[in-house]
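Visitor: output the structure for:
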Amino acid sequence: MPAHKKQHNNKWVTVHREMSKEGIKVSFQETRQYFMAKDQHSATNHDNFMSIAVSIRDRLVERWILTQQRYHKENAKRVYYLSLEFLIGRMLSNNVMNIGVWNETWQALEEMGFDLEEIRDQESDAGLGNGGLGRLAACFLDSMASLGIPAYGYGIRYDYGIFNQKIINGYQVESPDEWLQLGNPWEFNRPEYTVKIRFGGYTRMYSDQQGRLRVEWLDTRDVLAEPYDMPVPGYKNDTVNTLRLWSARSSEEFDFEYFNDGDYERAVYDQVYSENISKVLYPNDMVVQGKELRLKQEYFFTAASIADIVRRFKVDNSDITLFPRKTAIQLNDTHPALAILELLRILIDDELLDWDAAWDIVINTFAYTNHTVMPEALEEWPLPLFQALLPRHLELVYEINHRFLREVANKFPFDTGRLARMSIISEYDAKYIRMAFLAVVGSHSVNGVSALHSELLKTELFKDFYELWPEKFTNKTNGITPRRWLRKSNTALSDLITKNIGEHWVANLEELSLLLPYADDPAFRQQWRQVKTQNKKNLAAYIHEQSGISVNPESLFDVQIKRIHEYKRQLLLALYTISQYVKFKEAPSNGMPPRTFLFSGKAAPGYAMAKLIIKFITSIADVINNDRGIHDRLKVIFLPNYRVSLAERLFPASDLSEQISLAGTEASGTGCMKFMLNGALTIGTQDGANIEIRNEVGDDNLFVFGMTVQEVHQLRSRGYRPQEFIDRSPILQRVLSLIEGDFFSQRDPGLFTPILNSLRYLDTFMVCADFDAYCQAQQLVAEDFLKPDLWTKKSIINTAKSGRFSSDRTIAEYARDIWDVPCPEIPGVGLSAKRGEESLSE
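Guide: Here you go, the predicted model:
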């Protein structure tokens with residue numbers, strides 16, 4: 001009998017497919033030899049990573065095929081999640097955990113003499129997203145699979161993900177993120193499902209043989225969308241769903257006529273022109289070419305996805321009018337809103353349905369999630385650009401808008417201003433197509449992502465639409481997957497929790513409430529503190545390795561990690577950091593705990609102020625970290641290249657979670673939930689999901705400060721003058737005087753004048769107005785941190801009360817209220833709206 005086979009249950013079973021430790025060892029060795037063509041002497045660390053990854057992938061494939069066969073056999077209603085971003089991060093540990101071979105895999109690698117950390121660090125972060133939007137999409141995929149929902153994700157397989165960030169002389173410097181350079185072990189190319197995507201050209205109307213008006217789209221420039229599939233395993237339930245990402249390639253890769261004439265560049269022009277579409281995440285749209293490429297990206301992936309969805313529907317169904325009964329499409333923000341037009345085009349031009357029948361299908365298929373409360377962030381396309389690239393779709397927009405405005409006029413016959421406000425095509429100055437309005441009009445459901453955000457959609461952003469269709473609007477507070485953000489990234493805390501309450505919390509996060517009695521147990525609090533301390537030591541070692549800076553693990557780790565943007569108010573924490581430096585200089589023995597301020601995040605390459613804020617933070621760090629009089633009582637760290645794998649180091653080690661956006665500007669935020677799950681306490685404004693966190697843990701277990709949304713509106717309406725608040729705050733005056741005196745920019749006088757001018761004369765996000773209240777809340781933080789038992793109790797309560805913020809709960813609510821697909825019962829489902837209303841009323 002061959003060495004790699006054994007008898008089991010009277011059948012011959014291949015050991016290298018088994019879930020045992022020995023099976024994984026055999027699989028690893030065979031993969032390294034036959035797939036990688038390497039042995040133990042020639043294999044690199046990356047070869048060894050690829051070998052274990054492919055070994056785990058093999059164990060996913062059988063379950064993947066069986067899952068898809070089951071969906072096909074049952075002709076199940078499918079959910080399709082369309083998102084321009086999927087920030088999935090590293091997948092090895094997540095996949096190992098979800099298929100239930102965690103101990104077996106790591107034991108196998110250890111016994112073969114491999115360093116686990118070294119193996120895991122070989123995997124690239126799949127940075128196919130910019131921040132919260134893409135990370136939310138990844139959490140949702142995990143939850144849909146874990147709940148057994150027949151679901152597919154659709155996006156773009158960018159050659160280069162979100163850029164790599166380096167900090168050079170304090171400035172952000174971007175470089176390409178070549179995440180595919182050494183291959184991706186998790187993907188499968190599916191060229192047989194390639195879709196042709198059309199751009200440009202013109203349309204021609206004609207009457208068919210039945211006398212019906214038809215439209216042809218002619219003389220187009222075509223690009224091919226080639227799919228790559230990645231398996232998405234559920235947690236220990238044998239369900240494996242699919243993430244399908246589209247890659248662009250030319251329909252004519254090489255023109256021999258130009259080549260033979262010696263014009264080599266023109267010979268490959270079509271290939272380069274076409275493949276640019278999937279080359280990079282978020283091209284700079286400050287220039288016309290960038291806007292055009294961005295619009296092409298959005299149509300490319302939505303058109304390919306809709307074609308694929310229709311194809312899959314037709315495998316098991318012949319009546320196109322049944323499409324909404326078998327298909328639910330969720331639009332993750334406005335980027336995929338073109339899918340509405342594309343499905344309508346297919347139904348009218350290809351399936352030959354009349355308008356009313358086609359529009360009814362569209363409406364009942366699509367649902368739209370909005371992710372912003374700021375009107376300026378809503379996507380709009382210049383009409384001439386749209387017409388040049390998508391002439392047929394522009395015709396559909398005109399017709400949709402005409403019929404829609406007729407409905408509005410009928411309901412509000414004397415309100416002409418409302419027509420202009422609600423038109424999908426803006427009627428002011430240059431004409432733009434308002435994609436958010438199209439998404440609202442073309443969907444049967446519109447949801448916000450926190451109780452406050454959903455309320456603001458109804459009362460401000462989409463007020464007119466809510467008055468027309470109140471039944472469309474709902475709330476679905478965001479969530480995070482506990483598998484990645486606690487079970488995987490914080491194994492020490494996860495093991496402590498499991499030892500005391502069992503492991504069911506991994507699939508039912510509400511069970512963390514069983515920890516509440518332990519908050520009063522001195523022995524358990526001590527164990528909890530030990531875990532946190534060790535996590536902080538691990539992070540301190542990583543910081544030293546990366547930067548050479550030593551930080552005190554006993555200090556309060558005060559953390560703000562998120563995209564760098566003025567509305568997220570990194571400036572507020574930076575100014576507070578300076579105020580603490582001033583106080584430590586004046587009174588070194590002031591009784592306050594030592595602090596380590598930790599920042600991380602990327603600024604959009606074209607966002608000058610955000611990049612200057614990074615330089616401001618790093619300049620503060622240079623001064624404070626090199627002031628020998630401070631010693632280890634105050635440190636400021638900016639960790640470059642924020643990504644999922646770095647976040648997995650930071651959340652477990654954090655003491656304080658900075659969620660300090662101006663009230664009414666953050667739709668939800670999920671970072672706050674990850675901090676909470678890992679036992680960090682929140683200091684935050686009454687914004688986004690902070691309100692719901694407060695409702696869960698109570699006022700005693702977080703630190704709330706700042707104006708409410710109503711107070712922000714009142715201040716704006718009477719005329720906000722930041723200098724008034726500066727004049728009332730002696731400490732803020734001193735902080736600003738240091739900046740004005742170039743204390744942090746001695747080599748480059750005046751460098752931070754734009755920041756000073758913004759704060760004094762504009763201050764759009766009211767940093768000055770909230771500064772003193774923020775300082776007072778931070779004083780309470782310091783006082784509580786000096787009481788270890790009290791702080792630890794609050795930490796345990798935060799984790800214990802985080803169950804509601806599982807993405808499993810969020811997805812179960814989507815399934816029940818929006819998609820109409822079966823889903824297991826999840827504790828807490830249905831309480832979202834009720835709790836949100838209670839928190840807002842309070």
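
Visitor: now do the phi/psi pair for Q746.
Guide: phi -60, psi -30 (degrees, to the nearest 10).

Visitor: can you check E30 too?
Guide: Here is the backbone geometry of E30 (degrees, to the nearest 10): phi -70, psi -40.

Visitor: that one and E85, how far apart?
Guide: Noted for E30: a distance of 36 Å to E85, by C-beta to C-beta, to the nearest Å. Every residue, glycine included, has its C-beta placed from N, CA and C.

Visitor: more crowded one of the two?
Guide: E85 (27 against 18; other C-beta atoms under 10 Å).

Visitor: thought that one was touching F140?
Guide: No: judged on C-beta atoms under 8 Å, E85 makes no contact with F140 at a distance of 11.8 Å.

Visitor: was I right about R325 contacting K77?
Guide: Yes: counting by C-beta under 8 Å, R325 does reach K77; the two are 6.7 Å apart.

Visitor: neighbour-wise, which of those two wins?
Guide: Higher neighbour count among R325 and K77: K77, with 17 against 13, using other C-beta under 10 Å.

Visitor: just the strands in the stretch 301-450 of the chain please.
Guide: 327-332, 366-369, 380-382, 432-434, 445-448 (DSSP state E, counting those that start in this stretch).

Visitor: wait, which of those is closest to P470?
Guide: strand 445-448 (10.6 Å; C-beta to C-beta).

Visitor: who does that closest one pair up with?
Guide: strand 366-369 (parallel), strand 473-475 (parallel) (DSSP bridges).

Visitor: biggest strand in the chain by residues?
Guide: Longest strand of the chain, by residue count under DSSP state E: strand 221-233.

Visitor: any idea of the mean pLDDT in it?
Guide: Strand 221-233 shows a mean pLDDT of 97.

Visitor: re earlier: V54: which of the strands of the stretch 301-450 of the chain is closest?
Guide: strand 327-332 (30.2 Å).

Visitor: what helices and strands are in contact with the closest one?
Guide: strand 78-82, helix 132-146, helix 288-316, helix 338-345, helix 355-365, strand 366-369 (3 or more C-beta pairs under 8 Å, 6 or more residues apart in numbering; DSSP states H and E).

Visitor: can you do 10 Å?
Guide: strand 78-82, helix 132-146, strand 151-156, helix 288-316, helix 338-345, helix 355-365, strand 366-369, strand 445-448 (3 or more C-beta pairs under 10 Å, 6 or more residues apart in numbering; DSSP states H and E).

Visitor: of all those, which lies closest to L213?
Guide: helix 355-365 (10.3 Å).

Visitor: now the angle from the closest one to helix 338-345?
Guide: 140 degrees (axes from the mean of the first three to the mean of the last three C-alpha atoms, to 10 degrees).

Visitor: from the chain's centre, how far out does helix 355-365 sit?
Guide: 30 Å (C-alpha atoms, centre = their mean, to the nearest Å).

Visitor: give me the mean pLDDT for it.
Guide: Averaging pLDDT residue by residue across helix 355-365 gives 98.

Visitor: that helix vs helix 288-316, what angle?
Guide: 90 degrees.

Visitor: give me the buried positions along helix 355-365.
Guide: For helix 355-365, burial by neighbour count (16 or more other C-beta atoms under 10 Å) applies to A358, W359, I361, V362, I363, N364, T365.

Visitor: CA atoms only: put that helix into CSV for me.
Guide: What follows is helix 355-365, C-alpha atoms only, in CSV (Å, rounded to 0.1, in the frame of the first residue of the first chain):
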residue,chain,number,x,y,z
TRP,A,355,-40.8,49.2,-20.1
ASP,A,356,-43.2,48.5,-17.3
ALA,A,357,-42.4,44.8,-17.0
ALA,A,358,-38.7,45.5,-17.2
TRP,A,359,-38.8,48.3,-14.6
ASP,A,360,-40.9,46.1,-12.2
ILE,A,361,-38.2,43.5,-12.3
VAL,A,362,-35.4,46.0,-11.7
ILE,A,363,-37.1,47.6,-8.8
ASN,A,364,-37.8,44.3,-7.1
THR,A,365,-34.3,43.0,-7.6
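
Visitor: what lies in contact with that helix?
Guide: Under the contact criterion C-beta atoms under 10 Å, 6 or more residues apart in numbering, helix 355-365 has outside partners 80, 306, 309, 320-329, 339-349, 351-353, 396, 399-400, 403, 441-444, 472, 820.

Visitor: what subset of those residues is buried?
Guide: Buried members of those, scored by 16+ other C-beta under 10 Å, are 80, 306, 309, 320, 323-324, 326-329, 339-349, 353, 396, 400, 441-444, 472.

Visitor: show me what the helix or strand harbouring L612 is packed against.
Guide: L612 is part of helix 608-625 when elements are defined by DSSP states H and E. Applying 3+ C-beta pairs under 10 Å, 6+ apart, we find helix 608-625 packed against strand 164-168, strand 171-175, helix 570-586, strand 595-600, strand 634-638, helix 730-740, helix 753-757.

Visitor: distance from the third one to the middle of the chain?
Guide: Distance of helix 570-586 from the chain centroid (C-alpha atoms, centre = their mean) equals 30 Å.

Visitor: that one vs helix 730-740, what angle?
Guide: Using the same axes, to 10 degrees: helix 570-586 against helix 730-740 is 100 degrees.

Visitor: helix 570-586 vs strand 595-600, what angle?
Guide: Helix 570-586 and strand 595-600 meet at an angle of 160 degrees, taking the same axes, to 10 degrees as the criterion.

Visitor: tell me how far S426 lies from A815.
Guide: Applying C-beta to C-beta to S426 and A815 gives a distance of 35 Å.

Visitor: higher neighbour count, those two?
Guide: Taking neighbours as other C-beta under 10 Å, S426 and A815 compare with A815 leading, 23 against 16.

Visitor: just to check, that one is in contact with I826?
Guide: Yes: counting by C-beta atoms under 10 Å, I826 is a contact partner of A815 at 9.3 Å.

Visitor: who touches both of these two?
Guide: Common neighbours of A815 and I826 (C-beta under 10 Å, 6+ apart) are S143, L147.

Visitor: can you give me the buried ones in the helix holding L612?
Guide: 610-621, 623-625.

Visitor: let me see the mean pLDDT of that helix.
Guide: For helix 608-625, the per-residue pLDDT averages 98.

Visitor: I'd like to know how far N103 sits from D495.
Guide: Look at N103 and D495: by C-beta to C-beta, they are 11 Å apart.
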